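> I would like the atomic coordinates for the input below:
(chains A and B)
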Amino acid sequence: MDALPALPVALPLLVAAVLVGLAPVCPRRVADSAALATAAVVTVLCLVLLADSLDGPVVYWFGGWTPREGIALGVAFTVDTVGAAVATLAGVLATAALTFSWRIFEAVRTLHHGLMLVFLAGIVGFCLSGDLFNMFVFYELFSVAAYALAGYRTTDPGSVRGALNFAITNSVGAILVLGGIALLYGRTGALNLAQLGEALAGRPADRLVVVAFLLLMVGFFVKAAVVPFHFWLADAYALAPTVVGVLFAGVVSELGLYAVVRVYWTVFSSPLDRVEGLRGVLLLGAVTTALVGGAMCLLQHHLSRMLAYATVSHVGLTLAGFALLGPAGVGGAVLYLVADGMVKGSLFISVGIVDHHLRDVDERRLAGRGRHLPWLGALMVAGALGLAGVPPFGTFLGKALMEEAALETGHPWLIGLFVAVAALTSAALLRATGRVFLGLGSRARAAGAPRSPDEAALRHPHVHATQALPAVLLLAGALALGLAPRLATEAEDAAGQFTDRPAYAAAVLEGTRDPAPPAGPHLPIQLAAPALWAAVSALGGLGLALAALMPDRLPTRLRAGARAWRPAADLLRGLHTGNLGDSVTWLVVGMAGFGTLLAVVLR
Amino acid sequence: MRHLPYMVAAWLLLIGLYGVVTSRNLVHTITCLSVAQSSTYILLLSVGFERGGTAPIFLDVPVGTKAVDPVVGALTLTDIVVGATVSALLLALAVQADKHHGSLDPERLGKAQDD
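You can find the predicted model right below:
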């Protein structure tokens, strides 16, 4: 099975083509089953690749065009553990989302499933590709499918507007990426990541390389929704159908980050090696993203929008791990990314169930109306704890690794950021859960009872298992990641492999596949202190949530303190207009800012 | 003159982005995006351009003839296809916006719902 790496991309594309071709005659259940089965098979294939890649990258050259004398002629898939892990996450989320949609979403499903499969194929291809231009093509492939899916409910003005904003801002990002690729190709004559890295290795970066770096990073930051490139995200994610939102919130933003680290480590790590300030610049972006996303998350009452901003803030946390520019940070961040993606996927499905059964997603209007679904509330509380990174969730393990890396590299203050941001996002969800499912909060008393006798009739009495099961299983998966033995050391090994540019280049260009060098004796990671921090953030989240629900029980001084924040909150909210022009303007401003900072640290 | 194509590419990118930022009509916005996108075509082609080179078809020319880089040609073609796809999809969304909501002004199309 030499062609195994190509299968998880080729299969969904083929099935999508067949489904769309047969759309007029295909019975609904056949389309559903075909899409679901394909997503499941893709997940299994990615898992097999993941297992294969543990001893070093699996390289597959399309058409057998292997490199001659160290020069890449063909196009390669280079599967390493990190790429395969992200691809597997996408497969798992797609399977969960399609299972959820079994009973919901009655619209033209065959076309929808076709788009979902193209979306999945693009994501997997993006993760496995070892060629910069092919990364761009797959990036555009899954992006175009994502734009179409985001605007799938064309009758909802918000949804169309969100999709347009999403598509145009991200297309500008793609143009920048392509500009960066063109400059790099002009300098090196190479498109293969390994060969680009070899061509640039050993010398400090000149101005052209720095501009190419800037263009590529900004382009991928737009996809990752790093502040200030994130203004398109909330409308697009929150107003898309739930089935799509699961993948958006769970994996799409993370793909932007994946591209940033992939390109940094394979291409730019050698020329930018000596640049001390780069870490600071990336950390600045990470901190801003985490705090702005967390604050905006807390300010939302629309449940999906809350999750969209939780995505922004957790992208910031993941970027903080990557920004430490070392294997330990990368290992922790990847583990966090996968576990967090599953938790957010589960939460998005829970919100989808709320939307489907109570016909609303506004926390204030829903107050107390979820009382008859206590298990759903429990599921959302568990999800909120997963967001907070409480042990034994996988998010905890990832965060523990990142915290250790922060201490090692002399950034102990990052731990404070992790605690604060996890508290903010979990507080928002706990507050919403408390209000919807327990009827807590001042407004709940007024609107607590069902408003009209019709409502009981409107409500679907039973939540079908195909809706609840994926949410439960995704959370269970996130828990399993935290409980799996040796996962932390595996993640560190994978990160060691990921960040070892010369070994990557040798594997791709010379076909050497040494078993990964023994990466030194692993010190057992310290989990006691991170567990304490996680408890602090969970309690902080709970405290904030209760304070928001029952402001009248707060001591007067605290209430005055809370009021002092209001102008800042209004300013922040005012900035997030969701206007297309604003989001592209911020993109240009952000690029200028990032470029200036790069110029300063490289001087 | 060697730098002219690069300056044109930068100019197209900037003027296209200016158009996207200030536009009040979605069709105009999408056209401006295409303008910005065409900067990448020029950039790619000028990166692989060879003064005095022929088209990279090596059927009936002597070995060693100077030719422009065929790879950038392939990249540009791919890029044009991608650009056409994005434009088509965006125009389809604009049609939906006009049909269901009666406006092509990006600022008047359904304000954010929350708060």
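> okay, CA-based contacts and neighbour counts for the rest of this
Will do.
> does any part of stretch A:133-147 sit near chain B?
Yes: interface with chain B: stretch A:133-147 contributes A:133, A:137, A:140, A:144 (CA under 8 Å from any CA of the partner chain).
> mind listing what the second one touches?
Residue A:137 sits next to residue B:82 when contact means CA atoms under 8 Å, 6 or more residues apart in numbering or on different chains.
> try it again with 7 Å
Applying CA atoms under 7 Å, 6 or more residues apart in numbering or on different chains to residue A:137 gives no contacts.
> helix or strand for it, which one?
helix A:132-150 (DSSP states H and E).
> quick revisit: of the residues of stretch A:133-147 next to chain B, which is the nearest to residue A:406?
residue A:133 (33.3 Å; CA to CA).
> Next, count neighbours for the closest one.
Other residues within reach of residue A:133 by the criterion other CA atoms under 10 Å in any protein chain shown amount to 22.
> Tell me how many other residues surround the closest residue to it other than its chain neighbours.
Closest residue to residue A:133 apart from its sequence neighbours, by CA to CA, 6 or more residues apart in numbering or on different chains: residue A:191 at 6.2 Å. As a burial measure, residue A:191 scores 24 neighbours (other CA under 10 Å).
> Residue A:191: what's it in contact with?
Going by CA under 7 Å, 6+ apart, residue A:191 touches A:131, A:132, A:133, A:185.
> mind listing what the second one touches?
Going by CA under 7 Å, 6+ apart, residue A:132 touches A:191, A:192, A:193.
> So residue B:25 sits against residue B:104, correct?
Yes: the pair formed by residue B:25 and residue B:104 meets the contact definition of CA atoms under 7 Å, at 5.3 Å.
> any idea of the mean pLDDT in stretch A:494-509?
Across stretch A:494-509, pLDDT averages out at 89.
> Could you do stretch B:108-115 as well?
53.
> in which helix or strand would I find residue B:6?
According to DSSP H and E, residue B:6 maps onto helix B:4-22.
> Toward the C-terminus, what is the element adjacent to that helix?
Once helix B:4-22 ends, the next helix or strand along the chain (criterion: DSSP H and E) is helix B:26-47.
> Could you check which of residue B:25 and residue B:104 is surrounded by more residues?
Legend: neighbour count by other CA under 10 Å for residue B:25 and residue B:104, higher for residue B:104 (20 against 15).
> For chain A, what's the nearest residue on chain B?
In chain B, the residue that lies nearest chain A is residue B:21 (4.1 Å; CA to the nearest CA).
> separation between that residue and residue A:586?
Residue B:21 sits 10 Å away from residue A:586, going by CA to CA, to the nearest Å.
> neighbour count winner among the two?
Legend: neighbour count by other CA under 10 Å for residue B:21 and residue A:586, higher for residue B:21 (20 against 17).
> which one is the more buried one nearest to, not counting chain neighbours?
residue A:581 (4.1 Å).
> quick one: the host helix or strand of that neighbour to chain centroid distance?
Residue A:581 belongs to helix A:580-602 when assigned by DSSP H and E. On the basis of CA atoms, centre = their mean, to the nearest Å, helix A:580-602 is displaced by 22 Å from the centre of the chain it belongs to.
> circling back to that earlier point, could you export the helix holding residue A:137 as CSV, keeping only the C-alpha atoms?
This file holds the C-alpha atoms of helix A:132-150, laid out as CSV (Å, rounded to 0.1, in the frame of the first residue of the first chain):
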residue,chain,number,x,y,z
LEU,A,132,4.3,24.7,-0.5
PHE,A,133,2.2,25.3,-3.7
ASN,A,134,0.1,22.3,-3.1
MET,A,135,-0.5,23.5,0.4
PHE,A,136,-1.9,26.7,-1.2
VAL,A,137,-4.1,24.7,-3.6
PHE,A,138,-5.5,22.5,-0.9
TYR,A,139,-5.9,25.7,1.3
GLU,A,140,-8.0,27.2,-1.5
LEU,A,141,-9.9,24.0,-2.0
PHE,A,142,-11.1,23.6,1.6
SER,A,143,-11.6,27.4,1.8
VAL,A,144,-13.9,27.5,-1.2
ALA,A,145,-15.9,24.6,0.2
ALA,A,146,-16.0,26.4,3.5
TYR,A,147,-17.3,29.6,2.0
ALA,A,148,-20.1,27.8,0.3
LEU,A,149,-21.0,25.9,3.4
ALA,A,150,-20.9,29.0,5.6
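> Helix, strand or coil: sort out residue 49 for me.
Using chain A. When classified by DSSP: H, G, I helix; E, B strand; the rest coil, residue A:49 comes out as helix.
> hm, I was asking about chain B
Under three-state DSSP, residue B:49 falls in the coil class.
> got it, and residue A:196?
helix.
> Touching, it and residue A:189? I think so.
No: Residue A:196 sits out of contact with residue A:189 when judged by CA under 7 Å, with a separation of 8.2 Å.
> on that earlier part again, mean confidence (pLDDT) on the helix holding residue A:137, please.
Averaged over helix A:132-150, pLDDT sits at 94.
> Check stretch A:236-243 too.
For stretch A:236-243, the per-residue pLDDT averages 85.
> First-to-last residue distance for that stretch?
Across stretch A:236-243, first to last residue, CA to CA, it's 13 Å.
> Residue B:28 versus the residue of chain B closest to chain A, what's the distance?
Distance, residue B:21 to residue B:28, using CA to CA: 11 Å.
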